[in-house]
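Chemist: Need coordinates for the following:
(one chain, ligands or ions: 1)
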Amino acid sequence: MARLVVVSNRVGVPDGAARAGGLEVAIRPALRRRGGVWFGWSGRATDNDPGPPKTVERDNVAYVTIGLRKDDYEEFYNGFANRVLWPILHYRLDLAEFTRRDLGGYIRVNEFFASNLEKVLTPDDVVWVHDYHLIPLAKALRERGHKNKIGFFIHIPFPPPEIITALPNHERLIPALGHYDLVGFQTETDANNFSRYLANECGLKRIDGDSFAFDGRTVRIGVFPVGVETEALARLARRAIESSFVRGVLGSLAGRAMIIGVDRLDYSKGIPERMNAFNRFLTIFPEWQGNVTYLQITPRSRTGIPEYNDLGRLVGEAVGRINGALGEASWTPVRYINKAHSRTALAGLYRAARAGLVTPLRDGMNLVAKEYVAAQNADDPGVLILSRFAGAARECTAALLVNPYDPEGVAIAINRALSMSQDERRQRHAAIFKVLAQNDLSRWAERFLAALEYPQAGRTAPFAARAAGQR
Ligand code: F6P
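Modeler: Numbers count the residues shown, from 1 in each chain. Alright, predicted model coming up:
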């Protein structure tokens with residue numbers, strides 16, 4: 001079996017911390033089994049030359065990280081990746097702040113990654129690149145003569161060509177994805193959007209349903225919806241609800257129903273819109289005033305970017321307005337917390353909540369939605385209220401699907417969730433849990449790697465992962 005080389009902006013270097021992120025959980029077993037390298041940014045930005053990469057060896061895996069100069073970090077991460085690609089790929093043209101300087105920094109850092117990565121690359125390695133930070137990496141490697149199998153998975157949405165073409169210089173950047181052997185997406189919509197871009201904007205010839213001819217090679221397109229560790233999370237939640245932490249939270253609610261929202265502080269998550277919807281809910285259904293508490297856990301992120309700080313202010317003000325206008329000395333309608341919580345604490349809180357409110361304006365997948373369902377008590381489950389614009393809506397069709405831009409619609413869904421019969425809750429939960437158990441995270445990496453290494457095996461229909469349960 002060929003050695004695996006994973007490349008992503010952030011690297012899950014083992015540090016003994018209890019909280020492992022989704023990407024780590026998904027790819028570490030494959031890395032350990034095959035042996036390999038996980039390569040990426042060290043998380044450090046320095047005034048001077050960052051020096052050579054650092055390597056940590058653990059369990060058959062070398063974690064190789066490099067620092068960035070401060071100006072590179074600004075232009076690459078805070079600039080082009082997160083102030084241009086992130087908003088545009090989330091359909092937010094209004095928030096994109098394009099500069100040629102940031103695009104230059106983005107391409108420079110990708111070249112820098114390629115030059116350092118090739119020092120550890122051998123000709124037989126299979127390379128798997130992750131996410132929007134590294135779109136041109138395969139091109140940079142090909143230009144250095146590397147003929148390895150290289151796959152790319154984008155964790156966030158890929159919008160239609162009508163939106164992508166508003167990105168200045170898109171013709172310099174997006175076609176670079178053609179240098180990968182396999183480009184993977186979360187949903188069929190994303191994959192279709194990319195196909196349309198290749199056909200219409202680049203004039204590429206379709207070889208069959210899911211491949212295009214590019215530069216004398218073939219680039220294939222696939223759908224690989226990221227899952228969660230469904231059964232493992234269910235077990236964790238069963239234990240966690242008994243913890244003193246969750247008991248303490250439940251005790252403090254004094255018998256009131258709890259609604260939970262968990263999101264990074266990001267405008268794509270629709271948090272101000274959700275606050276507005278919760279406010280409407282309490283106004284349209286006043287019988288719930290004093291009887292429900294909405295817990296919103298929102299760790300701050302990307303604090304070097306102005307839009308994120310503006311959003312922090314906006315959400316804080318919205319929470320203050322609701323609590324000020326509707327709260328009582330004995331009841332706070334919204335509890336808003338910026339502290340990050342452990343995986344165990346979240347699993348327990350999910351299980352304790354009567355409704356999970358997951359209403360992004362746009363999201364590649366949204367694993368909180370899936371984790372919420374996995375954590376429920378199957379006999380007496382809570383109800384998932386989910387934005388139709390999250391990738392997870394393709395699999396979680398038995399959730400209460402809502403339009404996050406329609407506050408009254410969301411308010412009505414909250415009332416419906418809190419009033420739903422046990423029978424209906426059980427049926428909806430069982431339907432979603434079944435899909436999530438079939439698409440457990442443990443199988444995701446293997447499916448992608450099999451499609452990258454053995455393209456002919458198991459190919460039945462365009463975007464072969466249709467079998468993964470997406471509608
Ligand atoms: O795919 C989106 C993503 O890059 C995730 O991988 C990550 O958890 C999140 O956004 C936060 O990203 P960062 O803090 O690295 O900008």
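
Chemist: could you pull out the helices for the stretch 301-450 of the chain?
Modeler: 306-326, 343-352, 367-374, 407-419, 422-438, 441-453 (DSSP state H, counting those that start in this stretch).

Chemist: Need the winner for burial among those helices.
Modeler: Sort these by mean neighbour count, taking mean count of other CB atoms under 10 Å, and helix 367-374 sits at the top with a mean of 29. (C-beta placed from N, C-alpha, C; glycine too.)

Chemist: From the rest of the structure, what touches it?
Modeler: Residues outside helix 367-374 that contact it (CB atoms under 8 Å, 6 or more residues apart in numbering): 22, 226-231, 233-234, 237, 260, 262-263, 346-347, 350, 353, 356, 358, 381-382, 384, 386, 390, 392, 395-396, 399, 429, 432-433, 436.

Chemist: Helix, strand, or coil at residue 228?
Modeler: Three-state assignment for residue 228 (DSSP: H, G, I helix; E, B strand; the rest coil): coil.

Chemist: Quick check: closest non-adjacent residue to it.
Modeler: Excluding the flanking residues, the one nearest residue 228 by CB to CB, 6 or more residues apart in numbering is residue 370, at 4.4 Å.

Chemist: from the contacts of helix 367-374, which would you call buried?
Modeler: When the contacts of helix 367-374 are checked for burial by 16 or more other CB atoms under 10 Å, the buried set is 22, 226-230, 233-234, 237, 260, 262-263, 346-347, 350, 353, 356, 358, 381-382, 384, 386, 390, 392, 395-396, 399, 429, 432-433, 436.

Chemist: among these, which are in reach of the ligand?
Modeler: Restricting the buried ones among the contacts of helix 367-374 to those touching the ligand (CB under 6 Å from any ligand atom) yields no residues.

Chemist: got CSV for the helices of the stretch 301-450 of the chain, with mean pLDDT too?
Modeler: Formatted as CSV, these follow (pLDDT from 0 to 100):
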stretch, mean pLDDT
helix 306-326, 97
helix 343-352, 97
helix 367-374, 98
helix 407-419, 98
helix 422-438, 98
helix 441-453, 94
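
Chemist: Dump the ones you listed to JSON lines, plus distance to residue 68.
Modeler: As requested, the helices of the stretch 301-450 of the chain are exported to JSON lines (distance: least, CB to CB, whole Å):
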{"stretch": "helix 306-326", "distance to residue 68": "19"}
{"stretch": "helix 343-352", "distance to residue 68": "29"}
{"stretch": "helix 367-374", "distance to residue 68": "27"}
{"stretch": "helix 407-419", "distance to residue 68": "40"}
{"stretch": "helix 422-438", "distance to residue 68": "37"}
{"stretch": "helix 441-453", "distance to residue 68": "27"}
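
Chemist: what does the stretch 251-400 of the chain put close to the ligand?
Modeler: 301-302.

Chemist: Show the residue spans covered by the strands in the stretch 251-400 of the chain.
Modeler: 257-262, 292-297, 334-337, 355-358, 383-387, 400-402 (DSSP state E, counting those that start in this stretch).

Chemist: Rebuild these as CSV, extending it with mean pLDDT and distance to residue 207.
Modeler: Putting the strands of the stretch 251-400 of the chain into CSV (pLDDT from 0 to 100; distance: least, CB to CB, whole Å) gives the following:
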stretch, mean pLDDT, distance to residue 207
strand 257-262, 98, 42
strand 292-297, 98, 46
strand 334-337, 98, 51
strand 355-358, 98, 38
strand 383-387, 99, 35
strand 400-402, 98, 36
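
Chemist: Pipe these into a markdown table and attach distance to residue 94 per row.
Modeler: Formatted as a markdown table, the strands of the stretch 251-400 of the chain follow (distance: least, CB to CB, whole Å):
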| stretch | distance to residue 94 |
| --- | --- |
| strand 257-262 | 24 |
| strand 292-297 | 24 |
| strand 334-337 | 25 |
| strand 355-358 | 23 |
| strand 383-387 | 19 |
| strand 400-402 | 22 |
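
Chemist: closest to residue 143 out of these?
Modeler: Nearest of the strands of the stretch 251-400 of the chain to residue 143, taken as CB to CB: strand 383-387 at 40.2 Å.

Chemist: now that closest one, how far from the chain's geometric center?
Modeler: On the basis of CA atoms, centre = their mean, to the nearest Å, strand 383-387 sits 17 Å off its chain's mean C-alpha point.

Chemist: Show me what it is packed against.
Modeler: Under the contact criterion of 3 or more CB pairs under 8 Å, 6 or more residues apart in numbering; DSSP states H and E, strand 383-387 touches strand 355-358, helix 367-374, strand 400-402, helix 407-419, helix 422-438.

Chemist: Sheet-wise, list the partners of the first one with their directions.
Modeler: In its sheet, strand 355-358 lies beside strand 257-262 (parallel), strand 383-387 (parallel), with partners assigned from DSSP bridges.

Chemist: For the protein, list the residue farthest from the centre, please.
Modeler: Distance to the chain centre peaks in the chain at residue 329, reaching 38.1 Å (criterion: CA atoms, centre = their mean).

Chemist: For residue 70, which residues are in contact?
Modeler: Residues in contact with residue 70 (CB under 8 Å, 6+ apart) are 45-47.

Chemist: Any of these buried? List them.
Modeler: Burial by neighbour count, judged by 16+ other CB under 10 Å, picks out residue 45 from those.

Chemist: List the ones among the contacts of residue 70 that fall in strands.
Modeler: In strands, defined here by DSSP state E, the members of the contacts of residue 70 are 45-46.

Chemist: What is the neighbour count of the closest residue to the ligand within the chain?
Modeler: Residue nearest to the ligand within the chain: residue 155 (3.5 Å; CB to the nearest ligand atom). Using other CB atoms under 10 Å, residue 155 has 18 neighbouring residues.
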